[in-house]
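S.K.: Sequence isn't available, so here's the structure alone:
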């Protein structure tokens, strides 16, 4: 195919460099004959792609200056560019040749035929070889995994998102994927800020909770235990006050769940959930005990994330069960022994994910507004209800609800809503929203209470709810202790040896730049190799990666930075050993 001089070589290279994309292209349907016709030279003398209407994408939009701003960027050597739409490759090629080799370029092209046309015009093998260029499979899950690997670019550089405007003429999928990528990057930004600022607190809480979690029991036996059960997830949005009185009078036969913070708001209506969930890790959670009726809550089981403040768990008056979540100690070392949930950043999203794993039959969302009217963001009784919210155009958005009223929302709310909507797409059960004037939740039809009753949202299969609650109670059986071998002595010796070697190299740092870089790379590999300690070393790993991967040259002050990082690493490793290692009799590592 003369119109595709580089296609064969690029496809062969992709088979090894990007097998996921190769597999996607191999299974995609496209008309090979149309590929021959669709690449042509247009009136401007440019290689072009012919759309179904007969026009080329560049006949009305010549490339002159079209992509000029795409390379006018800050910190190009430490940053990344994400492009949605390739066309024949003009914008992509402009970025590739006008940015340093260390600049990452990620490209999402949803149309396999257009991607083949792009791959046919330019030899991309050098950019595959140096890992500068990566084509993305158009899949939410794949996109999420790739974005997670942009942590260095996020911390030390910037991530630029570019929409290829000529490609948008081909079809609506380009605008749709642009919105998907934008949302995923926003979510990633929220996650990184949380991890960068709070990972030490969250994993530190896990270390303090570790011994109690081992004696409180385990959720692992509850998989698919809620088959046939209809569940209600009670949120603390303003609309809770509309529905809680009626639900308290007529609970039906559903399983009621809520966040721990929502209990004071539910107490006003005497609407008691069958269990509650604690997810938030900060100290502000303790303030709920100033408003919680302890006697009322003493028979409500609490499922607590092991990342919450240990004092929150200690002060809870009722039965408690631990929930291990991704990003913490259990991420790598407990996967085969415990249920480990990717919890997300919102307690209602976590509840839906937990219920899905438990095999729930249906879910009714109540008080899940993700928005507010006036100055009240939560139902009375919730700690946030006492603080009026003033609209801030820099952080808030004005939206319309289904009734045509103005409502307000925030980036955090809308991020959580998108996470919930993505989960709904994967859920095998029915999910509805008892609508009280908040944002529309895609995939969860808005219902009135009467409609929810008619749909069976407050019903369960005979005996299923009781069987589940019985199994939940029996889950409170102490699990077998896991003993991890203390390793701080190994870490201390290794870090000390690296420091000594660096001190010698830095005496003549101008002549030893390569050796310094290689030694820092080895140190980074060592720090990343032990899964038990890695979650607690999140910040130190990023700091060390900054030394190893973002410096063009090294100065004596970099040795001081390594010493600071090494001191923090050893302190944390010793803390893990003190809290986790040596428990029980079963040696796990």
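M.R.: Great, that's in hand. Here the structure is a predicted model, which is why all the values come from computation and not from measurement.
S.K.: only C-alpha atoms for contact and neighbour calcs from this point on.
M.R.: OK.
S.K.: Which elements pack onto the helix or strand of the chain with the lowest mean pLDDT?
M.R.: One helix or strand of the chain scores below all others by mean pLDDT, DSSP states H and E: helix 32-38, with a mean of 79. Using 3 or more Cα pairs under 8 Å, 6 or more residues apart in numbering; DSSP states H and E as the contact test, no helix or strand touches helix 32-38.
S.K.: Would you mind listing the buried residues in it?
M.R.: Neighbour-count burial for helix 32-38 flags 35, 38 (criterion: 16 or more other Cα atoms under 10 Å).
S.K.: Now do whichever helix or strand comes after that helix: distance to the chain's middle.
M.R.: Scanning forward in sequence from helix 32-38 by DSSP states H and E, the next helix or strand is strand 39-41. Its chain's average C-alpha position is 41 Å from that of strand 39-41, according to Cα atoms, centre = their mean, to the nearest Å.
S.K.: And for stretch 62-80?
M.R.: On Cα atoms, centre = their mean, the centre of stretch 62-80 falls 28 Å from the chain's centre.
S.K.: Endpoint to endpoint, that stretch covers what distance?
M.R.: Its start and end residues considered, stretch 62-80 measures 26 Å (Cα to Cα, to the nearest Å).
S.K.: how many other residues sit next to residue 486?
M.R.: Using other Cα atoms under 10 Å, residue 486 has 16 neighbouring residues.
S.K.: try the one 5 residues further on
M.R.: The criterion is other Cα under 10 Å. On that basis, residue 491 has 17 neighbouring residues.
S.K.: Report the contact partners of it.
M.R.: 570, 573 (Cα atoms under 8 Å, 6 or more residues apart in numbering).
S.K.: Please identify which helix or strand holds it.
M.R.: Short version, using DSSP H and E: residue 491 is in helix 488-506.
S.K.: going on from that helix, what's the next piece of helix or strand?
M.R.: Under the assignment DSSP H and E, the closest C-terminal helix or strand after helix 488-506 is helix 513-528.
S.K.: which other residues reach that next one?
M.R.: The contact list for helix 513-528, computed with Cα under 8 Å, 6+ apart, reads 495, 498, 502, 505-506, 509, 534, 541, 544-545, 547-549, 553-554.
S.K.: what packs against the longest helix belonging to the chain?
M.R.: Using DSSP state H, we find that the single longest helix of the chain is helix 173-216. Contacts defined by 3+ Cα pairs under 8 Å, 6+ apart place helix 173-216 against strand 80-84, helix 140-148, helix 310-315, strand 320-325, helix 411-426, helix 538-550, helix 556-579.
S.K.: worst average pLDDT in these?
M.R.: Lowest mean pLDDT of the helices and strands packed on helix 173-216: helix 411-426, a mean of 87.
S.K.: From the contact counts, what lies against it?
M.R.: For helix 411-426, the elements it packs on are helix 173-216, helix 347-357, judged by 3+ Cα pairs under 8 Å, 6+ apart.
S.K.: Let's see that with 7 Å instead.
M.R.: Packing contacts for helix 411-426, counted by 3 or more Cα pairs under 7 Å, 6 or more residues apart in numbering; DSSP states H and E, involve no helix or strand.
S.K.: For that helix, which residues meet the burial criterion?
M.R.: For helix 411-426, by 16+ other Cα under 10 Å, it's 412-421, 423-424.
S.K.: sec struct for residue 66, please.
M.R.: Secondary structure for residue 66, judged by DSSP: H, G, I helix; E, B strand; the rest coil, is coil.
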